[in-house]
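model this:
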Amino acid sequence: MTRILVTGATGNIGRPLVNRLLAEGHEVVALTRDPARAALPEGVEVVQGDLSNPSGLFDDVTAAHLLTFAGDPAAIAEAARGLTRVTLLLGSLTVDPLHQALRAAGLRPTGLAPVEFMSNVLEWAGSIRTEGIVRDGFATMPSSMIHESDIAAVAARALTEDGHGDKEYWLTGPEALTAPEKVAVLSKVLNREIRFEELTTDQMVETWRSWGFGEEDVAFMLQVRTDPPIQGRTVLPTVEQVTGRPARTFADWVHEHAAAFAP
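Residues are numbered from 1 along each chain as shown. Purely as a prediction, here's the structure:
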């Protein structure tokens, strides 16, 4: 049994990771800003906080799943010095400062580098529900998007088994799909006609701005959508190699989330 801290415990990856670790018999400490709304399973120790104040967070745990999006890397790494295993969700195409800080502190973090999350398709849910249509750009660019539970499955192995330290795992699903191909899967699984309407690059940029993204985020998304890393459009066997089971398909994900697209 391992006592493991999961940051971002109510998120798309944190929640299935908590469930998996708990089911495997590990003690789980779930870090969240709002414990009253966490709705995590019985048996999980829910604590309030975030990585912006890491002092004491790691005192009673042996391993931790970390995010790179908040807090001072040096302070987090110093507080985490006593951990035996660390997974780090990487969110940048460049060298991650927290990854560097953890290694400088003598830790051997396992980097998790997923490509597009399947849950990004929820951005289409509103127009599918009301109009039966998807409007998106870059119709010829494939994405080897991954089910969030597969990211959690890889994290669980790295947090509970030896042999994953200092590894960087690029994580993909079992197929690379273009936007029209994703729409075809949605149509088949949901058993309803859904049309695809391609937007221009300018229209996509204006859409992102209308959603409240700043110019730095817009530039990043434009880069990822027009010139993604080769891993982002190539199917990799990492999930099966680490977990022993094939990665879930997009059709699997749609079946699980069908209610989100129902009229």
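
show me where the chain has strands.
Ranges of strands in the chain, per DSSP state E, are 3-6, 27-32, 45-48, 63-67, 85-89, 110-114, 133-137, 168-171, 195-199.

ranges for the helices of the stretch 1-150 of the chain?
14-23, 73-79, 97-104, 125-131, 148-160 (DSSP state H, counting those that start in this stretch).

could those helices go into TSV alongside mean neighbour count and mean pLDDT?
Using the backbone N, CA and C atoms, a C-beta is placed for each residue, glycine as well. Formatted as TSV, those follow (neighbours: other Cβ atoms under 10 Å; pLDDT from 0 to 100):
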stretch	mean neighbour count	mean pLDDT
helix 14-23	21	97
helix 73-79	19	96
helix 97-104	18	95
helix 125-131	14	97
helix 148-160	23	98
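
need these in JSON lines with distance to Glu116, can you?
Below are these laid out as JSON lines (distance: least, Cβ to Cβ, whole Å):
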{"stretch": "helix 14-23", "distance to Glu116": "17"}
{"stretch": "helix 73-79", "distance to Glu116": "25"}
{"stretch": "helix 97-104", "distance to Glu116": "21"}
{"stretch": "helix 125-131", "distance to Glu116": "16"}
{"stretch": "helix 148-160", "distance to Glu116": "11"}
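
Ala184: which of these is closest?
Ala184 sits nearest to helix 125-131 of all those, at 13.0 Å, using Cβ to Cβ.

number of nearby residues for Gly132?
Gly132: 15 surrounding residues under other Cβ atoms under 10 Å.

my error: substitute Val224 in the last question.
Other residues close to Val224 by other Cβ under 10 Å number 17.

residue ranges with poor pLDDT in this structure?
1, 92-93 (pLDDT under 70).

break it down into its structural domains.
Listed by automatic domain parsing, the domain ranges of the chain are 3-108, 118-146+174-231+248-261.

of those domains, which is nearest Ala153?
domain 3-108 (6.5 Å).

how close does Gly43 get to Thr201?
Computed as Cβ to Cβ, to the nearest Å, the Gly43 to Thr201 distance reads 48 Å.

export the domains of the chain as a markdown table, with columns for distance to Glu240.
A markdown table is the format used below for the domains of the chain (distance: least, Cβ to Cβ, whole Å):
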| stretch | distance to Glu240 |
| --- | --- |
| domain 3-108 | 16 |
| domain 118-146+174-231+248-261 | 8 |
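
closest one to Asp162 among those domains?
domain 3-108 (8.4 Å).

gap between the two ends of the closest one?
18 Å (Cα to Cα, to the nearest Å).

about what we covered before: among the domains of the chain, which is nearest Val242?
Ranking the domains of the chain by proximity to Val242 (Cβ to Cβ) places domain 3-108 first, at 11.3 Å.

chain center to that closest one: distance?
Domain 3-108 sits 14 Å away from the centroid of its parent chain (Cα atoms, centre = their mean, to the nearest Å).

got the contact list for the residue in the chain sticking out farthest from the centre?
Distance to the chain centre peaks in the chain at Glu193, reaching 29.1 Å (criterion: Cα atoms, centre = their mean). Glu193 makes contact with 132, 187, according to Cβ atoms under 8 Å, 6 or more residues apart in numbering.
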